[in-house]
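S.K.: mind looking at a prediction? Sequence and model below.
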Amino acid sequence: MSQTLKYLQEVLAIPSPTGFTKEVQEYLLAKAKEFGFPVKHTAKGLVIMTVKGKDDEHQRMLTAHVDTLGAMVRAVKSSGRLKLAQIGGYPWNMVEGENCTVHTADGKKISGTILIHQTSCHVYKDAGTAERTQDNMEVRLDEKVTNEEETRALGIEVGDFVSFDPRTLITEKGFVKSRFLDDKASVAILSTFWIASARRRLSFRTRPTLRSRFTRKWATAATPRFRRRLSSTWLATWAQWATISRPMSTRFPSARRMAPAPTTMRSVRDW
């Protein structure tokens, strides 16, 4: 469990809004190479790692996504503050007061806070009741800027990605509190799974070849029988199923329907 929490903290600390996942992909590639697994990296951001077993005729694919909710700079206001566009689906009040980071095209990281424009209830009577929208939510940068020119001088432009502070906390009782546990918790589980197999603590008897994919979006399988989304619950459960001694298809009939053919695995290259 401690190893899983270590990987979870590491991957949660890497900003990865959808479309801005290069750094976390590099983290996963480094982990795969560290433990000597065959790994492929596709042009569309998939990291595919294969764990060999005793019988390559039967294969299983475990998948998780590393992209998260986030935002993008929509406009630089005359006050020097930023308007945002959402990346992903969430209500604005869920990120009000959140610390954030603007990632510029030249690699700078500039911190700020997401707030509604009419923040003070002493000045704005509707501060508590106003609907939070992309028109009145803004980023106040942790920089001495008072106008658009000063903000742009920092290197900030329309289209820059904005990541949210995950606020990760592990309590004394072992509870994990953080943004983006969907789906980075699954990434940590699979990372622990790989390491255990690398150290030969796991033996794959009936479904030996494990392929893990990390995508910028929810992963859907490439064939009609796989046209469904995989949830974190499935991933965690599959990680446990891979260690059982009897074939999954005998203990769990639904597993037989979920099994990809070898051609399915090869078609992943088309993603």
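M.R.: Structure received.

S.K.: low-confidence stretches in this structure?
M.R.: Along the chain, the parts satisfying pLDDT under 70 run over 1, 199-271.

S.K.: which residue is nearest the centroid of it?
M.R.: Among the residues of the chain, the smallest C-alpha distance to the mean C-alpha position (Cα atoms, centre = their mean) belongs to Val66, namely 2.3 Å.

S.K.: ok, that one to Glu148 distance?
M.R.: 34 Å (Cβ to Cβ, to the nearest Å). Any C-beta I mention is one placed from the backbone N, CA and C, and that applies to glycine too.

S.K.: what of Glu34?
M.R.: Applying Cβ to Cβ, the value for Glu34 to Glu148 is 45 Å.

S.K.: since we're on the nearest residue to Gly128 once chain neighbours are set aside, how many residues are nearby?
M.R.: Using Cβ to Cβ, 6 or more residues apart in numbering and skipping the chain neighbours, the partner closest in space to Gly128 is Cys121 (6.2 Å). For Cys121, the count of nearby residues is 11 (other Cβ atoms under 10 Å).

S.K.: then Lys44?
M.R.: One way to gauge burial is a neighbour count; for Lys44, by other Cβ under 10 Å, it gives 10.

S.K.: sec struct for it, please.
M.R.: Judged by DSSP: H, G, I helix; E, B strand; the rest coil, the three-state class of Lys44 is coil.

S.K.: oh, and call the first residue 14 from now on, that's how I've got it
M.R.: Understood, numbering begins at 14; the last thing we discussed is Lys57.

S.K.: quick revisit: host element of the residue nearest to Gly141?
M.R.: When elements are assigned from DSSP states H and E, Cys134 belongs to no helix and no strand.

S.K.: would you map the strands across the stretch 14-163 of the chain?
M.R.: When secondary structure is read from DSSP state E, counting those that start in this stretch, the stretch 14-163 of the chain shows strands at 52-54, 60-64, 72-78, 83-89, 95-100, 112-116, 122-129, 150-154.

S.K.: right, so of the ones you listed, which gets closest to Ser210?
M.R.: In terms of Cβ to Cβ, the element of these nearest to Ser210 is strand 60-64, at 5.1 Å.

S.K.: which other helices and strands contact that closest one?
M.R.: helix 35-47, strand 52-54, helix 194-211, strand 222-228 (3 or more Cβ pairs under 8 Å, 6 or more residues apart in numbering; DSSP states H and E).

S.K.: could you rerun that using 10 Å?
M.R.: The elements that strand 60-64 packs onto, with contact taken as 3 or more Cβ pairs under 10 Å, 6 or more residues apart in numbering; DSSP states H and E, are helix 35-47, strand 52-54, strand 72-78, helix 194-211, strand 222-228.

S.K.: distance to Lys96 added to these, as a markdown table?
M.R.: Conversion of the helices and strands packed on strand 60-64 to a markdown table gives the following (distance: least, Cβ to Cβ, whole Å):
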| stretch | distance to Lys96 |
| --- | --- |
| helix 35-47 | 25 |
| strand 52-54 | 34 |
| strand 72-78 | 27 |
| helix 194-211 | 27 |
| strand 222-228 | 29 |
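
S.K.: adding mean neighbour count and distance to Pro104, write these out as CSV.
M.R.: CSV is the format used below for the helices and strands packed on strand 60-64 (neighbours: other Cβ atoms under 10 Å; distance: least, Cβ to Cβ, whole Å):
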stretch, mean neighbour count, distance to Pro104
helix 35-47, 17, 25
strand 52-54, 16, 35
strand 72-78, 23, 21
helix 194-211, 21, 16
strand 222-228, 23, 25
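
S.K.: out of the ones you listed, nearest to Gly168?
M.R.: Between those, helix 35-47 lies closest to Gly168; by Cβ to Cβ that is 18.2 Å.

S.K.: gap between that closest one and the chain center?
M.R.: The offset between the C-alpha centroid of helix 35-47 and the centroid of the whole chain comes to 13 Å, using Cα atoms, centre = their mean, to the nearest Å.

S.K.: which neighbouring elements make contact with that helix?
M.R.: If you count contacts as 3+ Cβ pairs under 10 Å, 6+ apart, helix 35-47 packs onto helix 15-25, strand 52-54, strand 60-64, helix 194-211, strand 222-228.

S.K.: in its sheet, what does the shortest one sit against?
M.R.: Yep, that's strand 52-54 we're talking about. When pairs are called by DSSP bridges, strand 52-54 turns out to pair with strand 60-64 (antiparallel).
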